[in-house]
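J.: Fold the following.
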Amino acid sequence: MDSTQQPEYGGGSIVNLMQSIASACGSSGTHYPQLGALSALQLGAARHIVLLVIDGLGQRTLASHPASPNLQRHIIGTMTSVFPSTTASAITTFMTGLAPAQHGLTGWHMYLEEIDQTLAILPLTPRGEPAKMLPQALPMRLFEHRTLYRQLDRECWVLAPQSIASSPFNAWYSRGAQSIAYNSLPELFSRLAGLLHEAQMPRFIYAYYPDLDTNSHRYGTGSEQAQRILASLDVAFGEFVQDVQGSDSWLIATADHGFIDSPPDRVINLAQHPHLAALLTRPLCGERRAAYCYVSKRRRRAFETYVRQNLGHCVDLRRSSALIAAGWFGPPPCHPRLASRVGDYTLVMKDNWTIKDWLPGERHYPMLGVHGGISSAEMIVPLIALKV
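T.: Below is the predicted model:
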């Protein structure tokens, strides 16, 4: 199976890429090392910077599909994602410049003690119970940190799919930038080219493309559907590069995370482990590949014993506090609620195993492609960059 890879926050992660971009754009608000492979000095040599985040485009996925010559031609290195290697944590890093240790978003499902509720953090919808607050009211309550765009000394733009562009989460993290919603891949690149051609002042442009992730989840990373999306994206990227030649821009493309396939026989359904479920004080949080467990002190010995005896072949059981101390979420100082958002234990899934629980009324949906863990396939993303 794949080797494991922890985030390299010292100069080799997407956090460090954002530090390079922020420094090149005049920000002094963050404090991480710059990316070793692409410094602020290099980026500052161009008038504009474009960052295209292709959700789910891990380095292994890109390297294994030959129908992506335009993207592969401009790879200058690789980076790690953050932990957990998932959209909720990594996209927030791209939009704030902060590691999860600072921004405090720790996975798809999060228990938030300030509202005493578990939410799916991107749509801001509650899990298994009525909402205690409307989604529109939640960002101000939950997200204290500044967006990256409010720290940069230049004009900023955010391009997002029409389906999410005006969501409370996206609107909150786009503050300080002008936003454009697009409806198709050709429109995305047409809008990007237009923003470069018409620019009067230096610009930082962030664009997000989700379709590869969507198809990889449903059909798998090597599926015909995922390959078709990647091939179309590659052609559009190549045409875009030609269209904006001479614009004095750095074009950067990367991903929030990679993928690993987990077939049905590698899924641990918590319903098949009722004794373990009974030891939890609330449903699983986090990700299928990195699940946070909340366990009362008097039940912790029984919990550890059960996991090691019955799930030791597929779970690396870790104290969440130990992961914080070891810097998995990023260097200190940490968000004041980080510890409460990662529970007492983290089930770090081995090989290509996943774990999932289902609450009454929840729609059951299979996922062949998954992410969130520390395999190299999930953690390592490409750094595609060129100056035009």
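J.: count of neighbours near A22?
T.: Neighbour count of A22, defined by other CB atoms under 10 Å: 24. No exception for glycine: its C-beta is placed from N, CA and C like everyone else's.
J.: Over to it. Which of the three states is it?
T.: Assigned state for A22: helix (three-state reduction, DSSP: H, G, I helix; E, B strand; the rest coil).
J.: okay but it is in contact with Q151, surely?
T.: Yes. A22 lies in contact with Q151 (CB atoms under 8 Å); the separation is 6.5 Å.
J.: show me what contacts A302?
T.: Contacts here follow CB atoms under 8 Å, 6 or more residues apart in numbering; on that basis A302 touches L279.
J.: gap between it and D316?
T.: The gap separating A302 from D316 is 19 Å, by CB to CB, to the nearest Å.
J.: can you check S167 too?
T.: Using CB to CB, S167 is found at 34 Å from D316.
J.: and L134, how far is that from L311?
T.: Distance of L134 to L311, computed by CB to CB: 38 Å.
J.: Have a look at those two and say which one is more surrounded.
T.: Taking neighbours as other CB under 10 Å, L134 and L311 compare with L311 leading, 19 against 9.
J.: Now that one: closest residue in space, sequence neighbours ignored.
T.: Nearest residue to L311 in three dimensions, chain neighbours excluded: I268, at 6.7 Å (CB to CB, 6 or more residues apart in numbering).
J.: Provide the count of other residues in contact range of that neighbour.
T.: I268 has 21 neighbours, counted by other CB under 10 Å.
J.: what's the offset of whichever strand or helix holds it from the middle of its chain?
T.: Assigned by DSSP states H and E, I268 falls within strand 267-269. Taking CA atoms, centre = their mean, to the nearest Å, one finds strand 267-269 lying 23 Å from the centre of the chain it belongs to.
J.: Parallel or antiparallel, list what pairs with that strand.
T.: Strand 267-269 has these partner strands in its sheet, going by DSSP bridges: strand 354-356 (parallel).
J.: Per-residue pLDDT of L142, please?
T.: You'll see L142 listed with a pLDDT of 93.
J.: Please tell me how far it sits from L105.
T.: In terms of CB to CB, L142 sits 9 Å off from L105.
J.: Compare the two and say which one has the larger neighbour count.
T.: Between L142 and L105, counting by other CB under 10 Å, L105 is the more crowded of the two (30 against 20).
J.: residue contacts, that one?
T.: Contacts for L105 (CB under 8 Å, 6+ apart) come out as 88-89, 92, 121.
J.: Identify those among those that sit within helices.
T.: 88-89, 92 (DSSP state H).
J.: Let me know the closest of those to S163.
T.: Comparing the ones in helices among the contacts of L105 against S163 with CB to CB places A88 closest, at 16.5 Å.
J.: Count the residues that sit near E155.
T.: By other CB under 10 Å, 18 other residues sit near E155.
J.: Looking at strand pairing, list the partners for it.
T.: For E155, the beta-bridge partners under DSSP bridges are R203.
J.: so what's T4 up against?
T.: By CB under 8 Å, 6+ apart, the residues touching T4 are 374-376, 379.
J.: hmm, back to that, bridging residues for the residue nearest to L311?
T.: Bridge pairing for I268 - DSSP bridges - gives I355.
J.: The stretch 101-250 of the chain: strands as residue ranges?
T.: Counting by DSSP state E, counting those that start in this stretch, residue ranges of the strands within the stretch 101-250 of the chain are 109-112, 117-120, 125-126, 155-161, 178-182, 203-209, 249-254.
J.: Redo those strands as a markdown table? Include distance to P332 and mean pLDDT.
T.: Listed next are the strands of the stretch 101-250 of the chain as a markdown table, based on distance: least, CB to CB, whole Å; pLDDT from 0 to 100:
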| stretch | distance to P332 | mean pLDDT |
| --- | --- | --- |
| strand 109-112 | 20 | 98 |
| strand 117-120 | 26 | 96 |
| strand 125-126 | 31 | 94 |
| strand 155-161 | 28 | 98 |
| strand 178-182 | 33 | 98 |
| strand 203-209 | 27 | 98 |
| strand 249-254 | 26 | 98 |
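J.: Tabulate those (TSV), appending distance to K387.
T.: Shown next, in TSV, are these (distance: least, CB to CB, whole Å):
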stretch	distance to K387
strand 109-112	39
strand 117-120	39
strand 125-126	41
strand 155-161	19
strand 178-182	24
strand 203-209	15
strand 249-254	5
